[in-house]
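**Student:** what would the 3D arrangement of this be:
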Amino acid sequence: MFNRPQLIYVALLLLLLNACSRDNNTPPTYTINGGATKGPLINALVTVYKFDSSQPGFKGELIDSGTTDSRAVIVDLALPLPLTPPYIMEFTSTPGTTIDMTTGVFPVMSHLSTVITQAMLDGGNPLYATPLTTLAVEIAKNNASSNIKAADFLLKITSAATQVITTVGFGMPLNIDIFTTPPLLNDTVNTSSKRYEMLAYRTAIEALTAVVFQMQQATNTGFDSDAILEELAKDLSDGLVDGNVNDTFSQVYDSTILNLFTQNPATLMIPNAANGETVAQVIDILIAETLTTGTTASISELSSGDITFVITPANTTAVNNAVWDRFNWNENNVWQ
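**Tutor:** A predicted model of the protein is given here:
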């Protein structure tokens with residue numbers, strides 16, 4: 001017979017074993033970190049889909065969903081193991097809920113997307129969707145046939161990223177990977193070169209958004225900025241920004257407003273900026289938002305002016321194949 005202390009001990013042991021059993025039955029997962037940035041998006045919905053080219057938008061099974069928190073960081077999003085990339089990750093803004101940290105109001109673009117590859121997962125760094133990744137994903141979809149294999153689609157993604165950088169990268173260096181470079185200061189931006197790449201990327205993001213917003217304001221078609229960006233992807237899919245989509249004139253915007261891309265991007269007003277900030281003030285914006293994101297990344301080189309990025313007007317012609325072939329890629333499609 002057990003005495004009272006022994007019975008209590010046995011009961012506690014059984015409870016512990018039961019808890020361990022439940023934990024062991026919990027499927028292992030991989031937690032996704034990162035966010036979405038035009039300005040950093042607060043309270044946005046995040047969804048991850050398995051890549052499936054037989055489905056609309058190449059979005060197959062819904063893998064998981066989460067949100068971004070008050071620091072614009074993804075929470076409650078995890079991928080089940082074993083991992084089966086590539087995935088398509090989307091961020092959707094909800095009126096009355098989602099806020100652009102840069103402006104304090106609803107974002108100009110309410111849908112942003114990116115891809116998640118095995119190499120990105122192996123790297124373990126935060127992953128971000130931006131207007132530039134969204135543009136590249138849409139270009140890749142437009143240039144891909146139905147039922148394209150995942151490996152071939154990733155090649156389309158690589159090509160599309162180069163098209164984006166060489167047209168609406170606004171002078172951003174070609175060695176910047178728009179899918180892995182953080183568009184804001186976070187704890188991984190821990191060297192001078194990474195801070196420069198981050199600055200160049202974020203500046204291009206703000207410039208592209210400003211031009212797309214101007215295009216939306218200049219049209220009488222009733223389309224929003226998301227539709228303008230999607231149409232721009234169709235326009236750019238052939239390597240030219242000329243207002244022609246599949247050999248027909250765009251019904252979303254007129255080619256005459258494409259001259260907006262030729263203006264000095266540094267003078268562009270950031271849409272809905274509370275204090276009328278321009279693209280030339282991106283450094284100030286980056287520094288200010290660290291108070292909300294809570295990053296420990298150094299701001300000294302930015303605040304002192306030791307790191308700067310000279311933005312240039314966009315081009316209307318993407319890099320051609322002759323230029324493309326001069327670059328050296330490894331088997332994982334990473335810049336050498």
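
**Student:** mind listing what T316 touches?
**Tutor:** Counting by C-beta atoms under 8 Å, 6 or more residues apart in numbering, T316 touches T167, L240, V241, D242, L258, F261. Using the backbone N, CA and C atoms, a C-beta is placed for each residue, glycine as well.

**Student:** now the two most distant members of those.
**Tutor:** L240 and F261 (12.0 Å; C-beta to C-beta).

**Student:** just the strands in this structure please.
**Tutor:** Remark: strands assigned in the chain by DSSP state E are 29-31, 34-36, 41-42, 45-51, 59-68, 74-75, 78-80, 87-92, 99-100, 111-116, 127-129, 244-245, 248-249.

**Student:** any weak-confidence spans in the chain?
**Tutor:** The model of the chain has pLDDT under 70 over residues 1-26, 319-336.

**Student:** which stretches in it count as helices?
**Tutor:** Using DSSP state H, the helices of the chain run over 4-24, 118-123, 131-142, 150-168, 192-218, 225-236, 282-293, 300-304, 321-324.

**Student:** ok, V310 - contacts?
**Tutor:** G171.

**Student:** so how far is N259 from it?
**Tutor:** Between V310 and N259 the computed distance is 22 Å (C-beta to C-beta, to the nearest Å).

**Student:** one more: G239?
**Tutor:** Going from G239 to N259 by C-beta to C-beta gives 19 Å.

**Student:** who's more crowded, those two?
**Tutor:** G239 (18 against 9; other C-beta atoms under 10 Å).

**Student:** looking at the helices of the chain, which is nearest to F91?
**Tutor:** That would be helix 131-142 among those, by C-beta to C-beta, at 9.2 Å.

**Student:** my read: Y87 touches V115, true?
**Tutor:** Yes - if you go by C-beta atoms under 8 Å, Y87 and V115 touch, sitting 7.0 Å apart.

**Student:** got any residues that touch both of the two?
**Tutor:** F51.

**Student:** surely L132 and T203 touch.
**Tutor:** No - in this structure L132 lies outside contact range of T203 using C-beta under 8 Å: 11.2 Å.

**Student:** buried ones in stretch 263-281?
**Tutor:** P265, A266, L268, I270, P271, A273, E277, T278, V279, A280, Q281 (16 or more other C-beta atoms under 10 Å).

**Student:** any idea how far the second one lies from F213?
**Tutor:** The reference is to A266. For A266 relative to F213 (C-beta to C-beta), the value is 16 Å.

**Student:** ok, T256 next?
**Tutor:** From T256 over to F213 the distance is 17 Å, taken as C-beta to C-beta.

**Student:** among the two, which residue is more densely surrounded?
**Tutor:** F213 (21 against 9).

**Student:** next, the contact list for the residue nearest to the more buried one when sequence neighbours are not counted, please.
**Tutor:** By the measure of C-beta to C-beta, 6 or more residues apart in numbering, the closest residue to F213 outside its immediate chain neighbours is P271, 4.2 Å from it. Applying C-beta under 8 Å, 6+ apart to P271 gives the contacts T103, V108, T209, A210, F213.

**Student:** hmm, try it at 10 Å
**Tutor:** Counting by C-beta atoms under 10 Å, 6 or more residues apart in numbering, P271 makes contact with 38-39, 100, 102-103, 105, 107-109, 206, 209-210, 212-214, 216-217, 225.

**Student:** backbone dihedrals for it, please?
**Tutor:** P271 adopts backbone torsions of phi -60, psi 130, taken as degrees, to the nearest 10.

**Student:** what's the separation between it and Y49?
**Tutor:** From P271 across to Y49, the span is 29 Å (C-beta to C-beta).

**Student:** could you do M101 as well?
**Tutor:** Taken as C-beta to C-beta, the span from M101 to Y49 is 26 Å.

**Student:** give me the number of residues near A200?
**Tutor:** Residues lying near A200 (other C-beta under 10 Å) number 23.

**Student:** scratch that, G96
**Tutor:** 7.

**Student:** list the contacts for the residue nearest to it when sequence neighbours are not counted?
**Tutor:** Take G96 and drop its neighbours on the chain: the residue closest to it by C-beta to C-beta, 6+ apart is F106, 7.9 Å away. Residues in contact with F106, defined by C-beta under 10 Å, 6+ apart, are L41, S93, T94, P95, G96, T97, T98, I99, D100, N272.

**Student:** wait, D100 sits on L112?
**Tutor:** No - counting by C-beta atoms under 10 Å, D100 stays clear of L112, with 11.2 Å between them.

**Student:** what is in contact with these two at once?
**Tutor:** Joint contacts of D100 and L112 (C-beta under 10 Å, 6+ apart) are A36, T37, K38, L41, A44, S93.

**Student:** list the residues that contact the first one.
**Tutor:** A36 makes contacts with 42, 44-46, 68, 72, 74, 89-93, 98, 100, 107, 109, 111-114, 127-131, 133-134, 183, as judged by C-beta under 10 Å, 6+ apart.

**Student:** circling back to that earlier point, L240 and F261 - which one has more neighbours?
**Tutor:** Legend: neighbour count by other C-beta under 10 Å for L240 and F261, higher for F261 (21 against 15).
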